[in-house]
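Trainee: Generate a structure from the sequence data that follows.
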Amino acid sequence: MAELARAHLLISGRVQGVFYRAHTRDEARKRGLTGWVRNLPDGRVAAVVEGDRRQIDSLIAWCRHGPPYAYVEEVQVDWHPYQGEFDDFRIAY
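Mentor: Next up is the predicted model:
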């Protein structure tokens, strides 16, 4: 049985203006994850992800590289208990 979890991600580097959010949404949906991703005013990208812990780990590994033209310096991860808050994965504004 899947271990359900929730993770809050803060991604630093050249991650705005390179379609990072759209690619993250697509990668999360491919893994059956729910939550959101958004740009922050300080140039970072934030995401909250819920679902199978192994699939979240897989998404985090993808986030460390990101899409073409992104340059990821750091991915900070804070783990939290699963809440079942989301129906899908979306880009938040």
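Trainee: ok, now how distant is the most centrally placed residue in the chain from Gly84?
Mentor: Nearest to the mean C-alpha position of the chain, counting by C-alpha atoms, centre = their mean, stands Ala47 at 4.5 Å. Separation of Ala47 from Gly84 (C-beta to C-beta, to the nearest Å): 17 Å. Using the backbone N, CA and C atoms, a C-beta is placed for each residue, glycine as well.
Trainee: still on that earlier bit, which strands and helices sit next to the strand or helix carrying the residue nearest to the centre of the chain?
Mentor: Counting by DSSP states H and E, the element that carries Ala47 is strand 45-52. Judged by 3 or more C-beta pairs under 8 Å, 6 or more residues apart in numbering; DSSP states H and E, the packing partners of strand 45-52 are strand 4-14, helix 20-30, strand 34-39, helix 53-63.
Trainee: tally of neighbours for Gly43?
Mentor: Here the count is done by other C-beta atoms under 10 Å, and Gly43 has 12 residues near it.
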